[in-house]
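[1] kindly return the folded structure for what I paste below:
(chains A and B)
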Amino acid sequence: MSERTENVVCTFCGCLCDDLVVEHEEGRIVKVLKACANGQGHFREYDPSPRLPRLEGRDVSWDEAYSAAGEILRSSRSPLIYGLSSAVTEAQRRAVELADRLGAVVDSTSSVCHGPTGLAMQGVGEPTCTLGEVRNRADLLLFWGCNPLVSHPRHFARYSTAKGRLTPEGRKSRTLIVVDVRPTAATKAADIFVQVEQGRDYEVLTALRALVQGKAMERPSVGGVAREALVDLAERFKNCRYGVAFMGMGLTMTRGRDLNVAELFSLVSDLNDYTRFSVIPMRGHGNVSGADQVTTWQCGFPFAVSFARGYPQYGPGEFTAVDFIARGDADAAVILASDPGAHFPRKAAERLREIPTIVIDPAESLSASQATLWLPTGVAGIDTAGSSYRMDGVALRLRPFLKAQRPSDEEVLVRLIEEVIR
Amino acid sequence: MIRIRGGKVYDPANGVNGEIRDVWIDGGKVVAAPAVAPADVEIIEAEGMIVFPGGVDMHTHVAGSKENVGRKLRPEDHRDHLRSRKGVLRSGSGYTVPSTFLSGYLYAEMGYTTVMEAASAPLLARHAHEELDDLPMVDKGLLVTMGNNQFIMDCIAKGEKERLRHYVSWLLEATRSYAIKIVNPGGVENWKWGRNVAALDDEVIGFEGVTPRKILEGLAEASRDLGLPHGIHVHGLNLGQPRSARTTVETVAGLDGRGSHLCHLQFLSYQGKEEGHAFRSGARSVAEAVKTVRDLTFDVGQVVFGQATTMTSDGPLEFALHQMTGHKWVNDDVEAESGGGVLPVLYDRKSRIGAEQWMTGLELFLLVDDPWRMALTTDHPNGGPFFCYPQVIRLLMDRDYRAEVLASLPPKALEGSLLPDLMREYDLFEIAIITRAAPARILGLTEKGHLGVGADGDVAIYDRVNVDGTACRCSRFQSCRRALSRVRHLVKGGRWVVRDGQIVEEVKGRTFYVAPGFDASLEDHLKDYFERTYTVAFDNYAMVDEELPLGEVIPCRRRNGSF
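    Here you go, the predicted structure:
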């Protein structure tokens, strides 16, 4: 007889859709309703059965694993704690504590994704809103350098084109504009597709700021976009009721990086002189937004923090994980809920294989399979509890519906802290 | 058991004014002196020292979405303000917006043991509680914003008082909050249309017949009917504007006898053009208005010269500051409920506006004779950091020091000003009222802010010897800025957590909230409302007990019938 749990939160991406229905039987998930393909995988691919830790290729008891972890951490002079973004807030809090007590560097996957967005915010601010304001108010949507139909498949249906208080017609109540360097599924769904030359986003954004401020533009085009199209965009922006811009790695990880984002944020700020406009970064991992929050409230800075001197120091480019590892500054690493072995640039990934690593992850990722020690944990929102922050900063409670057969990330990190302060 | 021996005790709630006596604590509470002291009693020698109840900060922004935006926004604020980890204590950073652990340590070192986080959107309450859980050393509570809540405004538009009351009650429990906060009622909703409200009878766009006045009245009535321990906590209209004193006077008259609290009143006590100046203190008219009504309290929100980070649910205000200063600006519109913004500012003593704001706050302190009606705050970090309270205390206790600071202000700001002629000086008894006894009483926390039998065992002990052990050379100990700046000893919940100026134990505080109860039929209605409005399922909105292991319900005194 299968059981049914409703309003389950999916933590695959920053949308945190919280309307899923999961059917489960004898501790196994048998059916997932309402989830997108990414969400289906998140639930269906997880095997919740108990699993022993693996130390240098052999299964060991949890006690043995903890003492081996303690050994690694205590003998390290310059450890790195990396990842965080798919873990719940409770585990992230412990990860930052571990870094503080160890004098380690702590960094989240933000640094290879929306780190430049954080730098832009620190430079120029960020007018933003929650996704419900998008649902209820927004009559103009601007997606820049992101493809929600692939990365956040339910974003349209649940948030950006849903029916709301002032948007009774849903999609029809809105003008949908997509800016990208090439046609994508999202550009096909748009009312207006603006194709920008690769690497020219900054120029286009600057031209738009100038046009919004009423300045004349003499050149026939900027960054591959014709003057008429830019003038049209600027007018639409100024004359909408409530506009919302969404941006992704097409801005953060291309030439210009944080400068691109700062220019978009400034454009959005400027537009509030004429109408209301907000911006929401399309955060990827389920709780990467929470990783920024936790690191900020515990030490003052969102990512790339070193505790080596006893107090928190902020150093993007210096204490960001890729740079820190590639330079050879890390002599051990704790990797929580991420897979740098698979995703880091080659040099950093190679360095990572040369140092002792402790990987805390429910799945045997590439990083886990290469690790000195793999600690297999449960998945929050399936068999363990915790909280997660949506891309707009709204925190949700993840309720387990299966009985836990593995420790949570938090429990594991508490044990590591005990090992370290022993 | 702890015995604090021979200190000079100031306990205004129990009429104790500087008497030499012992304070006994057992099981976390203040107890009567035992007939025979047990052998293992811990003795804190307090001879020659000042003994106060633990401080109560009734309006501060130390945890939650806006506060954390402020931290993230300002790495430049933290760079030179760092603390290293030490023993069990965590490291931290930040001047106007310190990290959570550091905030807890700074409060404890100043002798404060209770703080109220003064604003979170209900939707973001879970975040605020998670940060409060990482704020050690103090007991705490959270106020949630309701003055621009669409469900509430719908109820007011339709005249559904009973549903409004049930909803308020449900929302307080769902967010594990302590009281109703109202910020610029109607103005934040209008800001989502790019507008604001300027007068109590302006209309809220999209809510027929709903005005700031009706929101205030409706929520004040709900608060009274539910018997909440703390009345509505109001940040009024036109904050920071030269017309604010006038709307404040009207608001005070409208709230007569409703048990309301006006927060950071200084920021709402300016007058301007029509009175012949661009921007002047309107403290006199506001103080007069406050004196004429009963059952109304306020905290000051004193400005401290130097850096500050403004953060408020008053979205249009932050935008106005952005337009005025050009500083980096964060806004956050929160669906169906609230909004907010963050912006760095500098209170410059060379600027006339900064000088006027500084004088306005001190005038309010000095013009209202009854200290029981007010609390000392800086609206941290809006007026300046909370750890500057000792500086404000010195300004209140020492008119020579006040004159010294006045002499450094722009002479034009002083022309025709009230403050240079105010000779009043606070004494320690009055300071103990505005930092302990009054805020605890205003909040309705009966076991805080005093040292009577049954009170929480929170005691701050200040010494004239500097914390590093050197003798204090100050001849005017009781009016010295240093006198109350850092405790020699602190007892929190019956544990001796600060010894000789050093935190020796990190303790976790409790979180106070209310749960007045509501009619279960409301939930069906809300489910439908959530489907239509929110992006979060109704079942995922409310907090559950596991999320708040140290939560404690403070009872309400219901006035109005059953459900």
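[2] so whichever residue of the stretch 1-150 of chain A sits closest to chain B, which of the three states?
    For the stretch 1-150 of chain A, the residue closest to chain B is residue A:132, as judged by Cβ to the nearest Cβ, at 2.4 Å. (Glycine included, C-beta is placed from N, CA and C.) Under DSSP: H, G, I helix; E, B strand; the rest coil, the three-state class of residue A:132 is helix.
[3] hang on, it packs against residue B:541?
    No. Contact criterion Cβ atoms under 8 Å: residue A:132 and residue B:541 do not qualify, at 11.6 Å.
[4] for the closest residue to chain A within the stretch 101-250 of chain B, phi and psi?
    Proximity of the stretch 101-250 of chain B to chain A (Cβ to the nearest Cβ) peaks at residue B:126, 4.2 Å away. In terms of degrees, to the nearest 10, the main-chain angles of residue B:126 are phi -60, psi -40.
[5] ok, now residue A:409?
    Residue A:409 adopts backbone torsions of phi -60, psi -40, taken as degrees, to the nearest 10.
[6] same question, the one 3 residues further on
    Note on residue A:412: its backbone torsions stand at phi -60, psi -40 [degrees, to the nearest 10].
[7] mind listing the helices for the stretch 51-200 of chain A?
    Residue ranges of the helices in the stretch 51-200 of chain A, as given by DSSP state H, counting those that start in this stretch, are A:62-74, A:89-102, A:115-124, A:131-137, A:148-151, A:155, A:185-189.
[8] helices or strands next to the fourth one in the packing?
    Identification of packing neighbours for helix A:131-137 by 3 or more Cβ pairs under 8 Å, 6 or more residues apart in numbering or on different chains; DSSP states H and E yields strand A:242-247, strand A:276-281.
[9] circling back to that earlier point, mutual contacts of residue A:132 and residue B:541, please.
    Residues touching both residue A:132 and residue B:541 by Cβ atoms under 8 Å, 6 or more residues apart in numbering or on different chains: B:123, B:534.
[10] of these two, which one has the most company?
    For the pair residue A:132 and residue B:541, the greater number of neighbours falls to residue A:132 (24 against 21), based on other Cβ atoms under 10 Å in any protein chain shown.
[11] could you check how far the more buried one is from residue B:446?
    Residue A:132 sits 38 Å away from residue B:446, going by Cβ to Cβ, to the nearest Å.
[12] with residue A:353 instead?
    Note on residue A:353: its distance to residue B:446, by Cβ to Cβ, is 62 Å.
[13] so for those two, which residue has more residues nearby?
    Between residue A:353 and residue B:446, counted using other Cβ under 10 Å, the more crowded position is residue B:446 (17 against 11).
[14] can you read off the pLDDT for the more buried one?
    Per-residue pLDDT puts residue B:446 at 97.
[15] follow-up on the earlier one: what sits closest to the residue of the stretch 1-150 of chain A closest to chain B if chain neighbours are left out?
    residue B:335 (2.4 Å; Cβ to Cβ, 6 or more residues apart in numbering or on different chains).
[16] surely that neighbour touches residue A:159?
    No. Contact criterion Cβ under 8 Å: residue B:335 and residue A:159 do not qualify, at 10.1 Å.
[17] many thanks, we can stop here.
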